[in-house]
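Student: Quick one: sequence and predicted model below, then my questions.
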Amino acid sequence: MTPAEPVHFDYTSYEKTAPAVVDALRAMGKAVDDSGLEKPLTELLKIRVAQLNGCAFCLQLHLNVARKCGLAPAKVDLVATWRDVDLFSPRERAALAWADALTMMARQAIPEACLGELQAHFSREEIAFLTAAISNINAWNRIAGALRFPVPAREKSA
């Protein structure tokens, strides 16, 4: 018996194969976009989570979006080392810590202090939508990473 060819998808073929999944994840993303959270903040979190998960497709996609929505280039460049630089606001740092904790929760329990810091900077509603944004990009990372979606082209800033 010979091994089967590995199954690979690109975004378009995945969308055609599992349209209900794509629609559900898009709806979740739209809910976050409509929540009032700042787009640069949610894109920063998506970049960070894609870095942690090693998803090249999602990382490049959200780098492109971040450049278009006005996220400061220095923040884009240094988000991988956010704990080590003094560039991010306390609100951004709390959100980044939450993104790290949720993404890594299978390896380490989420510290109570992390949630406490988040509550110091975000309302209950904002926390709900931040959590949804982080959960959504984690789902996309697992889909695009596992199925090896090709990396999109780098786009220049607007």
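Tutor: Nice, thanks for sending it over. Numbers count the residues shown, from 1 in each chain.
Student: Now do the helices in the chain.
Tutor: 11-17, 19-33, 39-53, 56-68, 73-78, 90-103, 112-121, 124-146 (DSSP state H).
Student: Out of those, which is the most enclosed?
Tutor: Of all the helices of the chain, helix 39-53 carries the top mean neighbour count, a mean of 23, counting by mean count of other C-beta atoms under 10 Å. Glycine gets a C-beta too; all of them are placed from N, C-alpha and C.
Student: Distance to residue 152 added to the helices of the chain, as a markdown table?
Tutor: Below are these laid out as a markdown table (distance: least, C-beta to C-beta, whole Å):
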| stretch | distance to residue 152 |
| --- | --- |
| helix 11-17 | 8 |
| helix 19-33 | 16 |
| helix 39-53 | 12 |
| helix 56-68 | 5 |
| helix 73-78 | 16 |
| helix 90-103 | 21 |
| helix 112-121 | 31 |
| helix 124-146 | 10 |
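Student: would TSV of the ones you listed with mean pLDDT and distance to residue 155 be doable?
Tutor: Compiled in TSV, the helices of the chain are given as follows (pLDDT from 0 to 100; distance: least, C-beta to C-beta, whole Å):
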stretch	mean pLDDT	distance to residue 155
helix 11-17	96	15
helix 19-33	98	19
helix 39-53	98	13
helix 56-68	96	4
helix 73-78	96	13
helix 90-103	98	23
helix 112-121	96	31
helix 124-146	98	17
